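> The amino acid sequence is not available; the structure is as follows:
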């Protein structure tokens, strides 16, 4: 709007600047602490200007927490979850939009309801399943009497077991189902004109070919948006990796942060090494923040379109 | 309605099967297990689970520790939601004026969304630390003024600030998008009628943002109930003396530290019902009633 409001403009800049400051100050203090030595952090009055120890601290934190391995693991987790979500969501949405069967809406709701209950609220039983991912099937076999039947026929006791603890599969698989992604694809697929489907059919393309050659190229923007928000989501996963992984060689960076500072409530942890902890925090923050800054357009679009 | 379909329904089955299988194993099965555990009690020395009806819930609801946890969670939910949404709303309204530096401000207000909860927790634990950094100086000047390690209210305040800080960006993104979807012609018509910037905010933009506002209200409250684990675990570990033991953290503590599966499951069920109620409320009332088009 073109109007002269010099005073209000100053007020606007002031408000935005104060807001920005409030969001930036924690980052600045974290950064400053990461550039000082332990003595400089504890000195009174506190030092508010950065020192010259940044790379020393990062290097120290890096080797001490074995971040090389943990960054690789975090990337494997994030890549696995993002790829899985993008593919599974596209397949499910394709299956319920482009086929005329009675289960379309029930399946959609079955997937959509999962949105209501995030992992955190059903964490204990989900962990129990991860310890043996085949429990549900074993239970079904037992309940229906099938396992006794099999034991009677073949003489082999049915005992299904697939332990997912301390494995990449265990980290990735439970996070891969996606109601929001399925919803996003479904909304997009519903806008695909019938003529395109008919044209493809006339050219003799089957459903799989139609999905790969027409729908996937058309939904590039969707994929970018979904991948961006899901990368941030999976990189920042904390509770699930914390439980599933006890072997440090599968540890991810977000969980490693928790080990940087000894627990204040437990005894014998020693003094927190804040300069190293803040250096670690800083390097763990960087990848998702960069993704959000450089992919801002896709990120915002993905967020708004999925309504979360 | 669509009229062109593919005929081979078995391909459709193959397409939806993987996701259905995963949500069956990792969603529906655990949820049913939680319900089963909530109504049974594991026998000592093995011997399976015994049906106890609502006993687990009765025990929980007469436990003052549980009610403390509920109280803290509600305070946390209300405080973080109010703080984050209030700030986001003001910032979005002014950022939307798109003065010089708009793009810079926008990036600056969005990036915190990308920071992992444990990183937020750790940063704030350092910043609010009573014995190092900024707050140690305050304690040096006024001894005993700030002590989140011993004082429960201080610790809760700290968790709320960290939680709100993390939530601002999310609400900001949605408010800004809502503002930008207001037709320019409306704004121009208002300006023609002689209403200034602030007047337009109050009489035009705010009413038109009502659906977004209520959507964010529900999402923020839900998130504060479910998504607070990482912050609590790195910032206070639920302490001191359970002053920041939010419901989601208590489930983890009781389930994995206390190995009380039945108690944790009963708490899970209550939290699930709460989240479902909020979601239902949103779909039933908010999405339907408050709609301007």
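That came in fine, so what should we check first? Just so we're clear, the structure is a prediction, and the values are computed from it rather than from any experiment.

> Have a look at chain B and report its longest helix.
Longest helix of chain B, by residue count under DSSP state H: helix B:64-95.

> Beyond it, next helix or strand please.
helix B:102-110 (DSSP states H and E).

> Run the contact check for that next one versus chain A.
Yes. Contact of helix B:102-110 with chain A (Cβ under 8 Å from any Cβ of the partner chain) involves B:105, B:106, B:107, B:108, B:109, B:110. Backbone N, C-alpha and C define where each C-beta goes, glycine included.

> What sits closest to the last one if chain neighbours are left out?
Residue nearest to residue B:110 in three dimensions, not counting chain neighbours: residue B:169, with 5.2 Å by Cβ to Cβ, 6 or more residues apart in numbering or on different chains.

> Also the first one?
Across the structure, with Cβ to Cβ, 6+ apart as the measure, the residue nearest residue B:105 apart from its sequence neighbours is residue A:16 (4.9 Å).

> Same check on the fourth one?
Taking Cβ to Cβ, 6+ apart as the measure, residue B:108 lies nearest to residue A:20, with 4.6 Å between them; neighbours along the chain are not counted.

> likewise residue A:137?
Closest residue in space to residue A:137, ignoring its immediate chain neighbours: residue A:160 at 5.8 Å, by Cβ to Cβ, 6+ apart.

> Name all residues that make contact with residue 27.
No chain specified, so I'll use chain A. residue B:123 (Cβ atoms under 8 Å, 6 or more residues apart in numbering or on different chains).

> that's the wrong chain, I wanted chain B
So residue B:27 contacts A:114, A:117, A:122, A:177 (Cβ under 8 Å, 6+ apart).

> Which pair in those residues has the greatest spatial separation?
Farthest pair in the contacts of residue B:27 (Cβ to Cβ) is A:122 and A:177. Separation: 12.7 Å.

> which outside residues touch stretch B:212-225?
A:307-308, B:73, B:76-77, B:80-81, B:84-85, B:89, B:163, B:167, B:170-171, B:174-175, B:177-178, B:246-248, B:271, B:274-275, B:278-279, B:281-282, B:286-287, B:290.

> redo that, cut-off 7 Å
By Cβ atoms under 7 Å, 6 or more residues apart in numbering or on different chains, the residues outside stretch B:212-225 that reach it are A:308, B:73, B:76-77, B:80-81, B:84-85, B:163, B:167, B:171, B:174-175, B:178, B:247-248, B:271, B:274-275, B:278, B:281-282, B:286, B:290.

> Equivalent analysis for stretch A:233-242, please.
Stretch A:233-242 is contacted from outside by A:74, A:77-78, A:81-82, A:119-120, A:123, A:171, A:174-175, A:252, A:254-255, A:287-288, B:116-118, B:229-230, using Cβ under 7 Å, 6+ apart.

> chain center to that stretch: distance?
Remark: stretch A:233-242 is offset 6 Å from the chain centroid, using Cα atoms, centre = their mean, to the nearest Å.

> Residue ranges in chain B under the pLDDT threshold?
The model of chain B has pLDDT under 70 over residues B:1, B:43-48, B:285-293.

> Please, where are all the strands along it?
For chain B, the strands defined by DSSP state E cover B:40-42, B:49-51.

> what number of residues lie near residue 34?
Chain wasn't specified; assuming chain A. For residue A:34, the tally of surrounding residues (other Cβ atoms under 10 Å in any protein chain shown) stands at 27.

> that's the wrong chain, I meant chain B
Neighbours of residue B:34 (other Cβ under 10 Å): 26.

> same deal with residue A:26?
Residue A:26 has 20 nearby residues by other Cβ under 10 Å.

> before we move on, the earlier item: for the residue nearest to residue B:110, give me its contacts.
Residue B:169 neighbours (Cβ under 7 Å, 6+ apart): B:109, B:110, B:111, B:112, B:113.

> Dump the contacts of residue B:27 to JSON lines, plus secondary structure, distance to chain B and pLDDT.
JSON lines is the format used below for those (DSSP: H, G, I helix; E, B strand; the rest coil; distance: Cβ to the nearest Cβ, whole Å; pLDDT from 0 to 100):
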{"residue": "A:114", "secondary structure": "helix", "distance to chain B": "5", "pLDDT": "85"}
{"residue": "A:117", "secondary structure": "coil", "distance to chain B": "6", "pLDDT": "80"}
{"residue": "A:122", "secondary structure": "helix", "distance to chain B": "5", "pLDDT": "85"}
{"residue": "A:177", "secondary structure": "coil", "distance to chain B": "5", "pLDDT": "87"}
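
> ok, the closest residue to residue A:157 other than its chain neighbours to residue B:187 distance?
Counting by Cβ to Cβ, 6+ apart, residue A:151 is the residue found nearest to residue A:157 once chain neighbours are left out, at 5.6 Å. For residue A:151, the distance to residue B:187 equals 74 Å [Cβ to Cβ, to the nearest Å].
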